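> sequence? don't have it. structure:
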């Protein structure tokens, strides 16, 4: 199932967030969409490079699939790879996946 279909469908949202579309991209909240606008302007100005929306990583331990981690954004700034998640509320499952991402790939997630 596409990530967009999971949260782009009908029915009420879990935290009363407002799904927003910009440039044909579905964002789960107005806050995430606004952060995209900021990153897009930084990308257009040349301050960040390789901007990606909704990048994902497979979290596998000892050959066993555990989960898939979806971030909100990734980009390169001053030669450093940056992964960003826009959060209103932090849940235990997110924290576990964030720790697995760090342990498996050495990627630190920045929360906005």
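That came through, no problem. These numbers come from a predicted model, not from an experiment. Numbers count the residues shown, from 1 in each chain.

> Nearest to the spatial middle of the chain, which residue is it?
The centroid of the chain falls nearest to residue 72 when counting by Cα atoms, centre = their mean (1.6 Å).

> Helices of this structure, residue ranges please.
3-8, 30-44, 92-105 (DSSP state H).

> Would you indicate which residues of the last one are buried?
What that stands for is helix 92-105. 97-98, 100-101 (16 or more other Cβ atoms under 10 Å). For the C-beta atoms, the positions are set from N, CA and C on the backbone; glycine is no exception.

> what's the most distant pair in the residues you listed?
The most widely separated members of these, counting by Cβ to Cβ, are 98 and 100 (7.3 Å).

> any low-confidence regions in the chain?
Applying pLDDT under 70 to the chain flags the ranges 1-15.

> In it, which residue sits furthest out from the middle?
In the chain, counting by Cα atoms, centre = their mean, residue 62 sits farthest out from the average C-alpha position, at 25.0 Å.

> how about it, phi and psi?
phi 50, psi 40 (degrees, to the nearest 10).

> Relative to residue 17, how far out is it?
For residue 62, the distance to residue 17 equals 36 Å [Cβ to Cβ, to the nearest Å].

> How far does stretch 69-78 sit from its chain's centre?
Centroid displacement of stretch 69-78 relative to its chain, using Cα atoms, centre = their mean, to the nearest Å, is 7 Å.

> go on, stretch 39-58?
11 Å.

> what's the first-to-last distance across it?
Across its full length, stretch 39-58 reaches 25 Å between end residues, using Cα to Cα, to the nearest Å.

> and that stretch, which residues are buried?
Going by 16+ other Cβ under 10 Å, stretch 39-58 has these buried residues: 39-40, 48, 51, 53-54, 57.

> for those residues, which one is nearest residue 22?
Closest to residue 22 out of the buried residues of stretch 39-58 is residue 40 (8.2 Å), distances taken as Cβ to Cβ.

> ok, the closest residue to the closest one other than its chain neighbours to residue 44 distance?
The shortest distance from residue 40 to any non-neighbouring residue, by Cβ to Cβ, 6 or more residues apart in numbering, is to residue 51 (7.0 Å). Taking Cβ to Cβ as the measure, residue 51 falls 9 Å from residue 44.
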